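Participant: test case, fold it:
(chains A and B)
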Amino acid sequence: MRTICLYFQVHQPFRLKKYRFFNIGNDHYYYDDYLNESVMKKIIEKCYFPANEILFDLIQKYNGKFKVAFSISGVAIKQFELYAPEVLESFKKLAESGSVEFLAETNAHSLVALKDKQAFCEQVKTHSQKIEKHFNQSPSVFRNTELIYSDEIGEMVSEMGYKTMLTEGAKHVLGWKSPNYLYYNAIKPRLKILLKNFKLSDDIAFRFSNNAWEEWPLTTEKFVGWLNNLDPKEEVVNLFMDYETFGEHQWHETGIFDFLKFFPETVLNNSNFTFSTPSEVAEKLQPVSAIHVPHPISWADEERDLTAWLGNDLQEEAFNKLYSLSGKISKCKDPAILEDWNWLQTSDHFYYMCTKFFSDGDVHEYFNPYESPYEAFINYMNVLSDFEIRLNTAMPETNTDKELAKLRLLVAEKEDLLKKYMSEVNKLKLNISKPKTSGTKKASSQATPGKTKTPGISKTGRKNKKVTRVKKK
Amino acid sequence: MKILMFGWEFPPHISGGLGTASYGLTKGLSRIKDIDVTFVVPKAYGDEDQRSVKLLGAGDIPITKRKLNLKNFSKAMDYLEVKSGIVPYVDPEDFWRLSKKEVSGRYNFIQVDSEGKIIFSGKYGPDLLTEITNYSVVASVIAEENEFDLIHAHDWLAYPAGIAAKEVSGKPLVVHVHATDFDRSGGKVNPDVYAIEKKGMDIADLIITVSNLTRNTVINKYHIDPAKVFTVYNAVEPLNEIEKAKYKKGTDEKIVTFLGRITFQKGPEYFILAASKILQKMDNVRFVMAGSGDMMNKMIMMTARLGITNKFNFTGFLKGDDVYEMLRLSDVYIMPSISEPFGISPLEALQSNVPVIISNQSGVAEILTHAIKTDFWDIDAIADSIYSILKYSALTKMFTKYGKKEVDDLSWENSALKVKEIYNKALSLT
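Facilitator: As a prediction, this is how the structure comes out:
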C-alpha cells in the first residue's frame, strides 16, 4: 500500500499588548485584544473558511477516499470561542464527516515538554478533553508543539497512552534513511513515529508561489509525477504544514486553493497512492526501524532544532524565569492566574525574541507584533514580572512573600475604602454646596470686588482650611 | 591620488563628531597605498607647532604648514592651518553674538580654558560669513600652490573653500555631508547656511552622506539628483588597551548616561522625562547628563522642577579619557537625538561594553542591530528600555556579546575604501 498522510496545523497565539514597566503591579490584563481579534478575523476570512469549505466538498465528493488530519492548539480553540464560534462549527462539521482526524497537542502550544513532565502531561490532557468536547473524538495520535521531538519526549508521550506521534524528517537525524516509512521510538518501540517529508511539504507550504523557483508554477500533475518517481517500496508520504498555507502564507491569487481542490483527483487518477489519517497509517503499516533522536528536533528553519525558541540569552532567561514559577503554579487554584499561565507559555512569545532573523529568513516576521527581538523580550519580561507578583500574592511561600501579600491585600482594601469614601464625600459635597454657595459668593465679592467669582471661592476656601489645620495642631 | 581636504577641526582640538569622523577617515585613507591627503583647517589659536613652516596667503591671512606624523597613521600627512575664527556648531547669528564679547576656551566656548582667551571680533572678519569667505580665499591660494587630483570638503563651512579650490584648479569636488542645517536647527533653517550648503552640493561632482537618513535629506530638502549621492557610514577607532579605571563607582546604584552636547538636536529633555518616570518605580539608579550646551541651564531647571535632582547629575563638558571613564561607570547609554545624521558616540559606548538605546531618528540606527531603538519622543518606550536593561540581565549579556562585535566589525579602513571608490568615480566623470 502507498499512501499520503495530510496533516494541517491550526494555531494562533494570544499576542501580548504593549506592557510597560509602570504597568507592573497595576495592570493585570496582558493581551492585545484588538490585534488578536483582527489577525484571527483576517485568517478566518482568507484561510479557515474557504479552505474548510473546499475540504468538506472534497470529502463529500470522494466519499471516504480523501482524508486529512488537524491539530488545533488550545490557544486557537480559545480564540475561536472568543472571536469566531462559527469557525469552530465549521471544523465540527468536518469532524462529523468521519474522514478528519484531530490530533492531541499541548493546550498552550507550549515548549513545556522540554522542562516539566508533569505539567506537560496535564497540558496534553486538557487539550485532549477540549478536542473531545468540541469534535467528539478522543485523540490517539500526538503532535508536539512545532513538531519538537526527542527520544525522551516520545517516551513521555507513549507513557500517556498515545500510540503514534508526528515529527520532522530532519536530515541530520535520518542520514541515509527515507522519511517515507513508518518508524518507532527508540525507547518505547510501541510508539510509532511518522516523519514529515519536508521536501515535498515545503514545496507546497513555502515554495508554491516563488517564481524564482525552477519548478514554478507547481501543478498537481507535476507534484503527483514526483510522487510516482519515488522508490516504489516507499510506503507513506507525510505532508505536514501550517493550515495557513492555504490563503494566508500563499495567497488566494497564487492558485493555492485550486491546487488543493484538484490534488485528490490527480492523486487518485494518476497514481496508486491513497489518502490516510495518521492513525490509519500507524495501523496499516509495519514500522521498519527505530529512530534515534537524542537531541530535540523541530520543524523550524534550516537547522530543524530549538534555536528559533531557545537559541539566545534572551530566550533562555525568559524561558527559565517562566518555568521557575511552575512549583507555585502547581499548588495554585486561582483560575485567572492559571489561564494567564497557559497563554504565557505559548511558544510564539519566544519565537519573537529570536535574533536569528537578522541573518535568517523573513518567516520570523510573520504576524510578529514587535519591531525587534529586544522589544519582544522586554515586553514579555514586564508581563511576567507582573504575573509573578500576582502569583506571589496568591501563593505566598516565604515570610517576606507572606508579609507582602498581606500588605498588598491591605492596600487593596484601603484603596477600595478610599474610593468608597471619596464617592461619599463627593455626594455630601454636592448636597452641601447648594445652600452654601450664595454665602461664599457674597464674601468673595466683598473681599475682591471686580474680580471673577470662582477664584474668590477657592481663596476663601483655602484660607478656611489653613485655619482649621492650625486649630487642630 | 592626491587629495586636498578641507575640514573645520582636527584632533586634539575637537568639539564633536565631525572632528572625530574626519580624523578617523583620514587615518583610514592613510592606510591606502596610493592616496595622499593634505588636510586644511581654519584655526584661530596660538598653539601652532614652532618648527612648522609658515605660509602667508592672500589677504594677510597666515597659513601654518606642518608635517603631521600621527600615531597609527601609516604615513605622514601635510596639515595646513588657516588663521580664522570659524567655530563649529554655530550659526551666523550665534557667531555674531559670540563675537561681540570675550569668549574663553578653544573651539568649545562653554568650557573654561586658562591658556587661550580669544577675542573673536574684528581682526579677521566681522561675521562668520566673512570668515568663510576668507577661508575660501585662502583655499584658492592653497589650490594654486599645491598639486592634487581631487578636493574633498567636510560640511558647510568648508564647502565655499572646496568650491574656490575647484574653480581655481578645475579638479573634481566631493562634498561630505556630516550634518545639514535641518539637523542642527530643528527645522528653523538659516537661509544663509542653507544657501551655502545647497551651492556646495550643487557644484560638487559627487556627495558623500554619513547615513541614508542624511542622504534622504540631501535629496529631498536640497533637491539633489539621487544618482550623485552616496552613503558611507562612519566607523570608530578600535579601543586602546583598556587601562585601569581611574575612578571606582562610589555607589551600587546603576548609572544611566547621556553624553553629548546639550542642545535641541540631541533631545536631552526626553532623557530627563524618562528618568523621572523610572524614578517613580525604581530607586537604585542614578542619571548622568555629561556634556555642555545651550540648553544646559534649562535642563537643570527641568530636573529641579521634576524634583529629581538628588538622582540626576550634570558633569559639564568631558574631555578625552574622561569620556571613556564615564562610559566605564555606565550601565546604560542613551542617545535620544531628534535628528542625528550619524552618531558615533553609541559605538564608543558599545566598545566599552555599555548597552545603548538610540533613537530611530539617528543614522547609526541603520547599522546597529544589537541596540534598542525607539522614537525620540516616545518617553514611555525610552523609560521602559532603560528599566528593562537595568532589570533583566539577559539584555546586557546579549548587547555586550553581539553589540561589541558588531562595532568591532566596523572599521575606518572599510569606510575609506568606499570613499576611494567614490573618488575614482568622481575622477572618471571629468
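
Participant: the one helix or strand B:Asn313 maps to: which residues count as buried?
Facilitator: Using DSSP states H and E, B:Asn313 falls within strand B:312-316. Neighbour counts over strand B:312-316 (16 or more other C-beta atoms under 10 Å in any protein chain shown) mark B:Phe312, B:Phe314 as buried. In short, each C-beta sits where N, CA and C put it, glycine included.

Participant: send the alpha carbons of the longest strand anywhere in chain A over as PDB?
Facilitator: Secondary structure of chain A per DSSP state E: the longest strand is strand A:2-10. Backbone C-alpha positions of strand A:2-10 (Å, rounded to 0.1, in the frame of the first residue of the first chain) are rendered in PDB as follows:
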ATOM      1  CA  ARG A   2       1.200   3.500  -0.700                       C
ATOM      2  CA  THR A   3      -0.500   6.400   1.000                       C
ATOM      3  CA  ILE A   4      -0.400  10.100   1.600                       C
ATOM      4  CA  CYS A   5      -0.900  11.500   5.000                       C
ATOM      5  CA  LEU A   6      -2.000  15.100   5.200                       C
ATOM      6  CA  TYR A   7      -1.900  17.000   8.400                       C
ATOM      7  CA  PHE A   8      -2.600  20.700   8.900                       C
ATOM      8  CA  GLN A   9      -1.600  22.700  12.000                       C
ATOM      9  CA  VAL A  10      -4.000  25.400  13.200                       C
END
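
Participant: any idea how far the very next helix or strand once past that strand is from the chain center?
Facilitator: Of the helices and strands lying after strand A:2-10 in sequence (DSSP H and E), the nearest is helix A:33-43. Centroid separation for helix A:33-43 versus its chain: 13 Å, with C-alpha atoms, centre = their mean, to the nearest Å.

Participant: helix A:33-43 packs against which elements?
Facilitator: Secondary-structure packing of helix A:33-43 (3 or more C-beta pairs under 8 Å, 6 or more residues apart in numbering or on different chains; DSSP states H and E): helix A:74-83.

Participant: let's see that with 10 Å instead.
Facilitator: Under the contact criterion of 3 or more C-beta pairs under 10 Å, 6 or more residues apart in numbering or on different chains; DSSP states H and E, helix A:33-43 touches helix A:74-83, helix A:85-96.

Participant: residues of chain B that sit close to chain A?
Facilitator: Within reach of chain A by C-beta under 10 Å from any C-beta of the partner chain, chain B has these residues: B:277-278, B:280-282, B:355, B:357, B:360, B:369-374, B:380-381, B:383-399, B:401-402, B:406.

Participant: need the buried ones from the residues you listed selected in PyMOL.
Facilitator: Restricted to buried positions by 16+ other C-beta under 10 Å, the PyMOL selection for the residues of chain B next to chain A reads:
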select buried, chain B and resi 277+278+282+355+357+369+370+371+372+373+374+380+381+383+384+385+386+387+388+389+390+391+392+394+395+396+397+398+399+402+406
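
Participant: which residue does chain A have closest to chain B?
Facilitator: Chain A approaches chain B most closely through A:Glu317 (3.6 Å), counting by C-beta to the nearest C-beta.

Participant: could you say which helix or strand contains that residue?
Facilitator: Here A:Glu317 is covered by helix A:313-323, with elements defined by DSSP H and E.

Participant: quick one: the following helix or strand past that helix to chain centroid distance?
Facilitator: Beyond helix A:313-323 on the C-terminal side, the first helix or strand identified by DSSP H and E is helix A:326-331. Offset of helix A:326-331 from its chain centre (C-alpha atoms, centre = their mean): 21 Å.

Participant: try stretch B:363-375
Facilitator: Using C-alpha atoms, centre = their mean, the offset of stretch B:363-375 from its chain centre is 18 Å.

Participant: what about it, how long is it end to end?
Facilitator: For stretch B:363-375, the first-to-last residue distance is 13 Å (C-alpha to C-alpha, to the nearest Å).

Participant: in the stretch 251-400 of chain B, which spans are strands?
Facilitator: Secondary structure of the stretch 251-400 of chain B by DSSP state E, counting those that start in this stretch: the strands cover B:254-259, B:285-290, B:312-316, B:332-335, B:356-359, B:372-374.

Participant: returning to what we had before: who are the packing partners of the strand holding B:Asn313?
Facilitator: strand B:254-259, helix B:268-279, strand B:285-290, helix B:296-306.

Participant: make it 7 Å
Facilitator: For strand B:312-316, the contact count by 3 or more C-beta pairs under 7 Å, 6 or more residues apart in numbering or on different chains; DSSP states H and E identifies strand B:285-290, helix B:296-306 as packing neighbours.
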